[in-house]
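Chemist: Okay, structure incoming, though there's no sequence with it:
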């Protein structure tokens with residue numbers, strides 16, 4: 001049996017993604033360490049790992065976001081590497097640097113790539129220089145509302161006001177005229193400052209009836225970069241994805257090839273070295289433009305795993321350990337169709353706002369792995385779990401596969 005890439009890794013996250021990473025590590029023969037804040041002391045991820053370490057109170061800033069506590073937990077447990085999951089510290093270049101200084105491997109991309117792609121202004125400029133199609137807009141931060149009015153008039157309404165350091169739909173506003181621009185500019189800056197500690201915003205042309213399509217890339221530390229096809233994530237609420245599928249029903253073969261080529265070119269130019277996602281916005285005419293690059297594992301990564309048969313968490317671990325990708329682009333095979341539905345604790349009577357409390361009934365479906373139908377459930381809760389006010393209200397992700405789109409959708413029932 002081959003020796004595992006690491007003897008022990010710490011998973012710096014909670015919920016379904018922590019369980020997801022632990023599952024793959026266990027299959028690879030790697031021991032795992034979970035960390036947990038006070039509300040999660042009895043959570044499934046804390047029990048599933050080989051060890052579990054308390055890191056503080058419910059407040060994420062004093063637990064899951066506390067770099068010092070995460071590093072100390074890794075040192076105390078003897079973990080050789082840390083997988084950040086998504087959210088929390090996964091796209092924080094300072095955390096990557098702290099891991100390096102502590103002699104701990106970060107399972108993800110290098111700090112320079114994270115910093116570059118995490119800044120929407122710099123990443124837009126970099127993408128354009130790399131030959132990637134970008135949305136018409138202003139390439140620098142907008143200093144005040146009068147400058148915003150002038151820039152928007154030059155671009156032409158509607159426009160999108162977007163936080164430079166943003167993500168997850170925060171710090172974004174659509175303006176269809178000057179009045180909406182003046183109102184949205186102040187709101188976007190305020191939300192950006194509160195969410196990211198950075199009030200810089202940029203303005204781009206807003207694409208009406210947009211389709212959100214992203215390319216999954218995989219790059220190692222030896223200069224090899226491949227793509228694993230696309231995912232479509234156009235069904236959203238409050239700029240948050242709800243349903244994702246792969247492949248995209250919009251793209252034809254030519255558009256797919258051109259979009260993927262641009263994603264690979266961007267990852268290569270940025271010196272990227274892990275799993276990552278290059279996001280595009282496309283119109284009904286299939287014209288597409290670069291949106292951003294997410295330098296982490298995406299929530300919706302299981303649909304790509306379903307159609308390729310590849311375990312993205314495994315390859316993140318192997319790449320972090322210095323292994324070279326054994327796959328070339330010609331080795332990647334896309335088979336069938338996959339759909340993911342995110343299941344949230346939300347109250348439809350209150351505009352789908354998060355709903356907290358105890359999960360009284362939880363009946364997961366039977367997982368299937370057949371030749372004509374596959375059903376997978378990624379979750380980090382169980383009956384009796386508490387849905388906390390302090391964290392994302394995601395309960396589970398139902399992922400299904402079929403030989404075609406209709407079959408994949410039918411398997412969701």
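Modeler: Nice, thanks for sending it over. Here the structure is a predicted model, which means the values were calculated and not measured.

Chemist: so who does residue 316 touch?
Modeler: Contact analysis of residue 316 by C-beta atoms under 8 Å, 6 or more residues apart in numbering lists 83, 107, 108, 274, 275, 297. Yep, even glycine has a C-beta here, placed from its N, CA and C like the rest.

Chemist: can you tell me which of those are in strands?
Modeler: 83, 275 (DSSP state E).

Chemist: Please work out the average pLDDT along the helix or strand harbouring residue 226.
Modeler: Per DSSP states H and E, residue 226 falls inside strand 225-237. If you average the pLDDT over strand 225-237, you get 97.

Chemist: Report the angle between the helix or strand following that strand and strand 225-237.
Modeler: Toward the C-terminus, strand 225-237 is succeeded by strand 240-246 as the next helix or strand (DSSP H and E). Using axes from the mean of the first three to the mean of the last three C-alpha atoms, to 10 degrees, the inter-axis angle of strand 240-246 relative to strand 225-237 is 130 degrees.

Chemist: Identify each buried residue in strand 240-246, please.
Modeler: Buried residues in strand 240-246, counted by 16 or more other C-beta atoms under 10 Å: 241, 242, 243, 244, 245, 246.

Chemist: Could you give the separation of the helix or strand following it from the chain centroid?
Modeler: Using DSSP H and E, the helix or strand that follows strand 240-246 in sequence is helix 253-269. Computed by C-alpha atoms, centre = their mean, to the nearest Å, the chain-centroid distance of helix 253-269 equals 19 Å.

Chemist: ok, and what's touching helix 253-269?
Modeler: Counting by C-beta under 8 Å, 6+ apart, 126-127, 129-133, 213, 215, 217, 219, 223, 225-227, 229-230, 247-248, 251, 276, 278, 280, 282, 286, 288, 290, 293 sit against helix 253-269.

Chemist: Let me see the mean pLDDT of that helix.
Modeler: Summarised as a single mean, pLDDT over helix 253-269 is 98.

Chemist: That one versus strand 225-237: what angle between them?
Modeler: 110 degrees.

Chemist: Please enumerate the helices of the protein.
Modeler: Using DSSP state H, the helices found in the chain span residues 15-27, 44-48, 67-77, 93-101, 111-118, 120-129, 145-155, 178-196, 253-269, 301-308, 312-320, 405-410.

Chemist: helices or strands up against the shortest one?
Modeler: If I follow you right, that is helix 44-48. helix 15-27, strand 31-37 (3 or more C-beta pairs under 8 Å, 6 or more residues apart in numbering; DSSP states H and E).

Chemist: Equivalent analysis for the last one, please.
Modeler: Helices and strands in packing contact with helix 405-410 are listed as strand 337-344, strand 394-402; criterion 3+ C-beta pairs under 8 Å, 6+ apart.

Chemist: The longest one pairs with which strands, parallel or anti?
Modeler: Just to be clear, that refers to strand 394-402. strand 337-344 (antiparallel), strand 374-379 (antiparallel) (DSSP bridges).

Chemist: Residues contacting it, please?
Modeler: Residues outside strand 394-402 that contact it (C-beta under 8 Å, 6+ apart) are 15-16, 299-300, 302-303, 306-307, 336-345, 359, 362, 364-365, 372-379, 381, 387, 408-412.

Chemist: could you redo the last one with a cut-off of 7 Å?
Modeler: The contact list for strand 394-402, computed with C-beta atoms under 7 Å, 6 or more residues apart in numbering, reads 15-16, 302-303, 306, 336-345, 372-379, 381, 408, 410-412.

Chemist: go on, the shortest one?
Modeler: Defining contact as C-beta under 7 Å, 6+ apart, one finds that strand 337-344 is touched by 242-247, 300, 302-303, 306-307, 393-402, 404-405, 408-409, 412.

Chemist: For ChimeraX, write the selection for the buried entries among these.
Modeler: Here is the ChimeraX command that picks out the buried ones among the contacts of strand 337-344, judged by 16+ other C-beta under 10 Å:
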select :242,243,244,245,246,247,300,302,303,306,307,393,394,395,396,397,398,399,400,401,402,408,409
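
Chemist: follow-up on the earlier one: of the contacts of strand 394-402, keep whichever come out buried.
Modeler: 15-16, 302-303, 306, 336-345, 373-379, 381, 408, 411.
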